[in-house]
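Engineer: With the input below, show me the fold.
(chains A, B, C, D, E and F)
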6 protein chains.
Amino acid sequence: MTQHGYDGGRLNLPFTGITTFARTPYLEDWAGIDADAAILGAPFDGGTQYRPGARFGPRAVREASTLFTFGHAGAYDHEDDVTYLGKDVRIVDIGDADIIHTDTIASHRNIEAGVRAILDAGALPVVIGGDHSVNIPAINAFDDFSDIHILQIDAHLDFVDERHGVRFGHGNPMRRAAEKPYVSGMTQVGIRNVSSTAKEGYDAARGIGSDILSVRQARRLGARGVIERIPQGAQVYVTLDIDAFCPSIAPGTGTPSHGGFLYYEVLEMLQHLSRRHEVVGLDLVEVAPAYDPAGVTAILAAQILMNTLGFIFHARMAGG
Amino acid sequence: MTQHGYDGGRLNLPFTGITTFARTPYLEDWAGIDADAAILGAPFDGGTQYRPGARFGPRAVREASTLFTFGHAGAYDHEDDVTYLGKDVRIVDIGDADIIHTDTIASHRNIEAGVRAILDAGALPVVIGGDHSVNIPAINAFDDFSDIHILQIDAHLDFVDERHGVRFGHGNPMRRAAEKPYVSGMTQVGIRNVSSTAKEGYDAARGIGSDILSVRQARRLGARGVIERIPQGAQVYVTLDIDAFCPSIAPGTGTPSHGGFLYYEVLEMLQHLSRRHEVVGLDLVEVAPAYDPAGVTAILAAQILMNTLGFIFHARMAGG
Amino acid sequence: MTQHGYDGGRLNLPFTGITTFARTPYLEDWAGIDADAAILGAPFDGGTQYRPGARFGPRAVREASTLFTFGHAGAYDHEDDVTYLGKDVRIVDIGDADIIHTDTIASHRNIEAGVRAILDAGALPVVIGGDHSVNIPAINAFDDFSDIHILQIDAHLDFVDERHGVRFGHGNPMRRAAEKPYVSGMTQVGIRNVSSTAKEGYDAARGIGSDILSVRQARRLGARGVIERIPQGAQVYVTLDIDAFCPSIAPGTGTPSHGGFLYYEVLEMLQHLSRRHEVVGLDLVEVAPAYDPAGVTAILAAQILMNTLGFIFHARMAGG
Amino acid sequence: MTQHGYDGGRLNLPFTGITTFARTPYLEDWAGIDADAAILGAPFDGGTQYRPGARFGPRAVREASTLFTFGHAGAYDHEDDVTYLGKDVRIVDIGDADIIHTDTIASHRNIEAGVRAILDAGALPVVIGGDHSVNIPAINAFDDFSDIHILQIDAHLDFVDERHGVRFGHGNPMRRAAEKPYVSGMTQVGIRNVSSTAKEGYDAARGIGSDILSVRQARRLGARGVIERIPQGAQVYVTLDIDAFCPSIAPGTGTPSHGGFLYYEVLEMLQHLSRRHEVVGLDLVEVAPAYDPAGVTAILAAQILMNTLGFIFHARMAGG
Amino acid sequence: MTQHGYDGGRLNLPFTGITTFARTPYLEDWAGIDADAAILGAPFDGGTQYRPGARFGPRAVREASTLFTFGHAGAYDHEDDVTYLGKDVRIVDIGDADIIHTDTIASHRNIEAGVRAILDAGALPVVIGGDHSVNIPAINAFDDFSDIHILQIDAHLDFVDERHGVRFGHGNPMRRAAEKPYVSGMTQVGIRNVSSTAKEGYDAARGIGSDILSVRQARRLGARGVIERIPQGAQVYVTLDIDAFCPSIAPGTGTPSHGGFLYYEVLEMLQHLSRRHEVVGLDLVEVAPAYDPAGVTAILAAQILMNTLGFIFHARMAGG
Amino acid sequence: MTQHGYDGGRLNLPFTGITTFARTPYLEDWAGIDADAAILGAPFDGGTQYRPGARFGPRAVREASTLFTFGHAGAYDHEDDVTYLGKDVRIVDIGDADIIHTDTIASHRNIEAGVRAILDAGALPVVIGGDHSVNIPAINAFDDFSDIHILQIDAHLDFVDERHGVRFGHGNPMRRAAEKPYVSGMTQVGIRNVSSTAKEGYDAARGIGSDILSVRQARRLGARGVIERIPQGAQVYVTLDIDAFCPSIAPGTGTPSHGGFLYYEVLEMLQHLSRRHEVVGLDLVEVAPAYDPAGVTAILAAQILMNTLGFIFHARMAGG
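Structural biologist: So this is what the prediction gives:
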């Protein structure tokens, strides 16, 4: 996956080198994407309602990702007895969408352009936020798809229609997605506590058939049980808000909510998903490094992304 | 509950505004309390034996509480399908008791006066510490009550009688409470590891009939099982030391102790308690923001308090 | 100035109590301002180009201001042998302007409404940011004034006209102010290093007659010398960006720039200004607490504001 | 265990006094050890591949250990109804091995000398790292033993033979141990995720008969189940890398890995081990305080060490 | 000065070893002091009025002091061309006074006992606070002296007589000292801004002849000029509050005050003092590590103490 | 200088994009350098004697450098009325030298190879450490030069010959440089306080003709005065240890030393140097981000580097 590496004559300890995601090649020319997956940073946090700073999320996640890339031919997992992300999986980092401060529309438009470029190249888009509003342009870019099911893993429902004129903040993305004709369903997992969405939002979500599961409900179902509620055969877009996790492992986020998921609970959902469904896109949002003094939130984000990419491409190859 | 709010023409994002608890009205005149519950800050930390700083607890918890108050008509919980803390629940914030540095007795006296003022007004006292010694004046103020059962959720037994002349430090409150004729029983949950209380303290506590449960013992019983050990019909005063929780979610405290409770374990005990017992008073102590770099401890305290207040008043109304 | 205090029977140590600015009374009804000065929080940071977080500036400055309010009848300065801010100076805190995430225009409009309310009441507006873009609505509110001179103390010129469509970000306020017919002149002090403003911005500023001084140039002139360059008789609006200061005492800001002013350099400019000119308005912006681990930036902001308010009202009374 | 204490006329709150481990006597002369256990600091972190700083581990763990030593005659555990570490258990702190920057070999040699001195005195060596490479000299010192089984609790396999010439870094210790004729077996628990060890390392470890268990596998077996896989009668050396724990409770380490053990999972393994096996040595490594802003990692290390020492000597006395 | 050291066969890098002050020998038996100077920790912070935490000051200063002790025969200063603190200067660390939480009187009594023990042994007492109230028992211990002049270097006058019954807090020490018949004069340098002392305190201090100098006044006089205002021949006790310094280099303190001294300004006063006067005692107070994230405040305290001790004993030997 | 930029259709706010130094192009192939200057990261900190972490210095300085690169055609300085670093100055970032943990010699060899590659291409080498030992391989690479004068700006003399066998740690570089036949002289500025170098080191340095100046001595001479002591016509290599600066602006370093330089003092020395001498190489070392919570140290390093590069190439062009 990486062009540096032990074989290339360097040890490449994780604290060395330019910080693209997982040391993948940086591709400045978005017209030239030729890869299985492409990483796009979406450092926009103008949609936040409490602690800002997710604009530094892509930078922090890229830096943390270097911890998982030292000197191997792929990533061996002894529990699965599988080496993930071998040289046959080609990933590139296309840098960040251009952000225009004070201008949500323009910033979102630039993010959408990046996701479109990735989709046009036939690669899997992996968007690193930024706040959860960056999911809006990401979903916009899928308008050539017919039926997408969204798996949202999040503490908050994010289903506000409009409040004080705001329609594109980080409390709105699932409502915006639900309006798309090509979004056929939605599974919202991890939703808990007093949300930014009032009762009317829940009613609206249920009204369009969304499957809303709290952490405790998901726990009772088990990872496999949750995934099996997604319609068989659905193409799935995953949007993972880092605040889905317990603040114990994800303090570095804008609106922490206690009672969240632990690591394996989410990982296993994503592993089951990868085996059972085609994953057509992925975003991971709301990592805010200013509130992550020990760096564990960024490490969590990188670890989840690396493993999930491994699962997706392992399943594709096994299935191919 | 709040006089600002979406209906009042403002969006009131959580980072705006003066930080009373949950944006409730500030009442400076303690003679004029007319509410269902009143919040009193007790910023005294002269009783600490290790890391001080709980004097900034009330301020931090108030600030964190704003995260749970944005623009709703009450707080909708989709798991319970209940909207808690609607407009019919009137809460006020009466500010802080006056603290006199170097003078524990005078500081405690001022805290006691605040709790008495709340009780005299027929409101539920909610005390935010400060260190656990502030429980001493809080319990003092209940001398008009006849039988109070104390539910202590804590890592430490706090049952020291006297050591080097100290009787009113944060290792003493449960011993002081046990001396009150109107305290009829005690359930001490979460107690673990090497405590500041030696074996003699445990023997004394057991001697007065205290029910001492470790985290592992409470886990085996379940939340409901723990609460069902409290005598039926008892009026319960809850004293919640934030170090009852695992340091993973409550690092910001003076004497962290590993192996503590996770979020839902405590929340569910408090929900069961609210359904089964009349809660007559509540304190939450030992939040020390200087050791809480990501703010998650203060958020935990605020989240627990908001939910518990919701449970208590929902039960009262359901039961009334 | 404060209604609590030693005489009122409380010690009121600085860590106690609800955090209005300097413990001044909180006035929720903007139509009812009756005071010499009014504090308005403007917690908007959507205009930032690097590290966000100034939305928490008002909260942090209010909390820090309590350090300067314990138990006195005014604030005695032994160097000046003056007691500043005695009971005859009436200050109120009117809370924060309502902020609408993703919407710069609406947020600015709400800030402007607050400043107008203060001016309508004949009080001195004191705006605590938020990022420097909040100066734009503040200046808008002065359209009933005829000739205002702006004293900007800042690291950056903030004179960008438009870039990628952005006209109301934190790099634009001085350009927007220069467009006002009622702004008759500008002194820009502390400007240094590679600015966000390119050469064309400097040319434009000089073109309208702005007096641009670097830190080293201001140091050579002395505090009095700088102030004496402001036209005699001018009514002065002060806009103080905390990054005018050296990062050694003001690390907690979005775009720190080394080589800034030390404490007395700015304080003495403001003292000379207060003696020589009528100050008609004041904003202090860009305090970002997430980057202020020891709290010294917020303390600096509070200390400067408290002293400057003392100078202004002492001069008014002496001059009256 | 401690010579200060309540009986000695002092209260000795945990924030007072010189910070030897658990306030045990400091013994500068390594030839004069006369104790049941001896603490040796091994502040070497030249073997780290990501975040350094474990050189400050011994200092931080010693300071945190004072929290568990205030004024008792031993440490009473109410769950076990046992008072651990009474006066009959003699522990000394022999300070730190001398570290030579830029020189791994010399630093390791000095650590080895310390462990040999402890073993020569018939005391239990307890080594506080430093990075995991300090296990190499510790194991070297056991060459007079015949059959030692190593229980490694760790996120990483640390079984790299040689890479770019490096044989004594923190990725190598288990490979080095496996080469010793007196190391008869190895149980490696907590191993998870993408390791610094590639597949060949796992193959090699399995080749020598190592029992490798992930966190999820160990969880399924239970603490007792894991320990029962260790050959009956084996003398066990425990090497505990703090990154075996979940980053939620152990953020302060060089290479955090999500999905780790919680507190009681490790504690119970060590308690079962102490009952079933003779523990002949112990090291706890990779505490890096610079990434531990709330101090919880150091507290975890101290809490685990104190309890484990209690278990070991309680079992010895019970068994004697 | 240190018994470890290069000559002793160890490199003793500053991060190794037990943290007594400057690696001096630890003397537990206060009756056995035989040294030129003795270090006493006074970890009491019950007298603080804002941010607590100075109880961890002795521990932090001791740890920082190790930075200035690596492997030399004394400390060579190339500007002075002098090697300070050679082997002929004998310093011991006698640990900390016993602190009794909630009990200011008892804690102060224990501090006084430590200082008396040092004076009885004919050694120079060096007290590391703790808050500034620890100066009260320190001065108490000098009652066998006849005429002591106090040089206070501080931001605050600390001359409050009594407020709400408080007479022994950190705002009172200079008033308490002024009441002693054996305190013949006082020089108070660095006093600035709005103090905790109101005008009446200044009047009282001036009334007893105290020489009060602000930072700006001291700067105009120069270090030598300040010292020359102390009466010729006076025996001087130095009390140094770390908040005398600019918060830029001393953020880690309870009540930071901008506009303070820079490093050489204080160092040069202390060097001139050492040459011109006999220094009979010394305390350094108010280092609060919880607000010192980069450790620079503790390093400042250690650096000032090490240099001042060097100046004092160099002057004694030169003068002898 | 940068290929992104305003003209290229992007706004490129400083928080966006891959973090090469100042957004300069990343050149992986060291054989293909075609530029005026090349940046090499040297993330080695195995030579540190106190707080490690400078291995993350290159990453932090690169990230901070983005603050100085937003959207301009060069960097306009209004004091000099010069636009520095226009498109005619070509800078590339060649990434980091490969570091081998536990192996100082190999790591240094890899750094040397990078500097040689830059020199071979005729570009100016700019090395970002890493600890000060990385100066050793940097100087090694200049063996084709005839007479180089080294300007060291540093708190410490770093002139230890050998101690416990260590010859290549961060206390040794100036001694190693002095041994080179092509190093003809040395100016060591900022040296202060108790150094890691004992008196014999100073004697040795003076013996080879080194000009040693403390901060106070340099201040008296002025920036120009210091530079004029360097022999006319000398080719100068600059080695800048960030601890030369006052800890107030450079807390993020391993061995802070109070009393250091302020920003303009060093900047002006480097500006005078650039005008008067040919600068043939440059390193900036000892930035340790783990101790830089507000990021100001990394910003200082980036700001100094950007300005110095501007001065050097402005002088070259003016002089050409």
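
Engineer: I'd like to know how many residues surround the residue of the stretch 101-250 of chain A found nearest chain E.
Structural biologist: Nearest residue of the stretch 101-250 of chain A to chain E (C-beta to the nearest C-beta) works out as A:Pro247 at 21.1 Å. Every residue, glycine included, has its C-beta placed from N, CA and C. By the criterion of other C-beta atoms under 10 Å in any protein chain shown, A:Pro247 has 28 neighbours.

Engineer: For it, pull up the helix or strand it's in.
Structural biologist: No secondary structure element spans A:Pro247, as it lies outside all helices and strands (assigned by DSSP states H and E).

Engineer: Is it correct that it is in contact with B:Asp292?
Structural biologist: No - counting by C-beta atoms under 8 Å, B:Asp292 is not a contact partner of A:Pro247; they are 11.1 Å apart.

Engineer: what is in contact with those two at once?
Structural biologist: Among the neighbours of A:Pro247, none is also in contact with B:Asp292 (C-beta atoms under 8 Å, 6 or more residues apart in numbering or on different chains).

Engineer: Strands along the stretch 201-320 of chain A, start to end?
Structural biologist: Using DSSP state E, counting those that start in this stretch, the strands found in the stretch 201-320 of chain A span residues A:211-213, A:235-241, A:278-285.

Engineer: Tell me which of those lies nearest to chain F.
Structural biologist: The stretch from those with the least distance to chain F (C-beta to the nearest C-beta) is strand A:278-285; that distance is 15.6 Å.

Engineer: Could you see whether chain D lies near that closest one?
Structural biologist: No - contact between strand A:278-285 and chain D is absent, the nearest approach being 13.9 Å (criterion: C-beta under 8 Å from any C-beta of the partner chain).

Engineer: What strands line up against that strand, and which way round?
Structural biologist: Strands adjacent to strand A:278-285 in the sheet, as given by DSSP bridges, are strand A:124-129 (parallel), strand A:235-241 (parallel).

Engineer: Highest mean neighbour count out of those?
Structural biologist: Using mean count of other C-beta atoms under 10 Å in any protein chain shown, the stretch among the strands paired with strand A:278-285 with the largest mean neighbour count is strand A:124-129, at a mean of 26.

Engineer: who's in contact with that one?
Structural biologist: By C-beta under 8 Å, 6+ apart, the list of residues contacting strand A:124-129 from outside reads A:21, A:36-45, A:54, A:57-58, A:61-62, A:111, A:114-115, A:118-119, A:134-135, A:138, A:141, A:279-287, A:301, A:305, A:309, A:312.

Engineer: Out of these, name the ones that lie in helices.
Structural biologist: Per DSSP state H, helices hold the following members of the contacts of strand A:124-129: A:57-58, A:61-62, A:111, A:114-115, A:118-119, A:135, A:138, A:301, A:305, A:309, A:312.

Engineer: what's the closest of the residues you listed to E:Glu228?
Structural biologist: Distance from E:Glu228 was checked for each of the ones in helices among the contacts of strand A:124-129 by C-beta to C-beta. The minimum falls on A:Gly57, at 58.8 Å.

Engineer: count of neighbours near the nearest residue to the closest one once chain neighbours are set aside?
Structural biologist: Closest residue to A:Gly57 in three dimensions, ignoring its sequence neighbours and counting by C-beta to C-beta, 6 or more residues apart in numbering or on different chains: A:Val287, at 3.9 Å. When counting by other C-beta under 10 Å, one arrives at 32 neighbours for A:Val287.

Engineer: ok, A:Val287 to chain F distance?
Structural biologist: Relative to chain F, A:Val287 is positioned 13 Å away (C-beta to the nearest C-beta, to the nearest Å).

Engineer: Same question for A:Gly32.
Structural biologist: Counting by C-beta to the nearest C-beta, the gap from A:Gly32 to chain F is 15 Å.

Engineer: residues near the closest residue to A:Asp120 other than its chain neighbours, how many?
Structural biologist: Of all residues beyond its chain neighbours, the one nearest A:Asp120 is A:Ile33 (7.9 Å), with distances taken as C-beta to C-beta, 6+ apart. A:Ile33 has 20 neighbours, counted by other C-beta under 10 Å.

Engineer: Does A:Ile33 touch A:Val92 like I think?
Structural biologist: Yes - applying C-beta under 8 Å, one finds A:Ile33 in contact with A:Val92, separated by 6.4 Å.

Engineer: what do those two both touch?
Structural biologist: A:27, A:123.

Engineer: Next up, the contacts around A:His277.
Structural biologist: The contact partners of A:His277, taken as C-beta under 8 Å, 6+ apart, are A:149, A:227, A:230, A:233-236.

Engineer: Can you flag the buried ones in the residues you listed?
Structural biologist: Neighbour counting over the contacts of A:His277 (16 or more other C-beta atoms under 10 Å in any protein chain shown) leaves A:149, A:227, A:230, A:234-236 as the buried ones.

Engineer: okay, the residues you listed in a markdown table with pLDDT next?
Structural biologist: A markdown table is the format used below for the buried ones among the contacts of A:His277 (pLDDT from 0 to 100):
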| residue | pLDDT |
| --- | --- |
| A:His149 | 98 |
| A:Ile227 | 98 |
| A:Ile230 | 98 |
| A:Ala234 | 96 |
| A:Gln235 | 98 |
| A:Val236 | 98 |
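
Engineer: farthest pair in those residues?
Structural biologist: Across the buried ones among the contacts of A:His277, the two members that end up farthest from each other (C-beta to C-beta) are A:Ile227 and A:Gln235, 14.1 Å apart.

Engineer: hang on, the earlier thing: now go through the contacts of A:His277 and say which are in helices.
Structural biologist: Among the contacts of A:His277, the members falling in helices are A:Ile227 (criterion: DSSP H).

Engineer: Among the contacts of A:His277, find me the one that's closest to D:Ser274.
Structural biologist: For D:Ser274, the closest of these turns out to be A:Ile227, at 41.5 Å, with distances computed as C-beta to C-beta.

Engineer: Surely the closest one touches A:Val266?
Structural biologist: No - using C-beta under 8 Å, A:Ile227 is not in contact with A:Val266, being 11.5 Å away.

Engineer: quick revisit: distance to C:Ser210 added to the buried ones among the contacts of A:His277, as JSON lines?
Structural biologist: Listed next are these as JSON lines, based on distance: C-beta to C-beta, whole Å:
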{"residue": "A:His149", "distance to C:Ser210": "58"}
{"residue": "A:Ile227", "distance to C:Ser210": "63"}
{"residue": "A:Ile230", "distance to C:Ser210": "61"}
{"residue": "A:Ala234", "distance to C:Ser210": "61"}
{"residue": "A:Gln235", "distance to C:Ser210": "58"}
{"residue": "A:Val236", "distance to C:Ser210": "57"}
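
Engineer: got a list of what the closest residue to A:Arg276 other than its chain neighbours touches?
Structural biologist: Distance criterion C-beta to C-beta, 6+ apart; nearest residue to A:Arg276, sequence neighbours excluded, is A:Ile227 at 5.9 Å. Going by C-beta under 8 Å, 6+ apart, A:Ile227 touches A:269, A:272-273, A:276-277.
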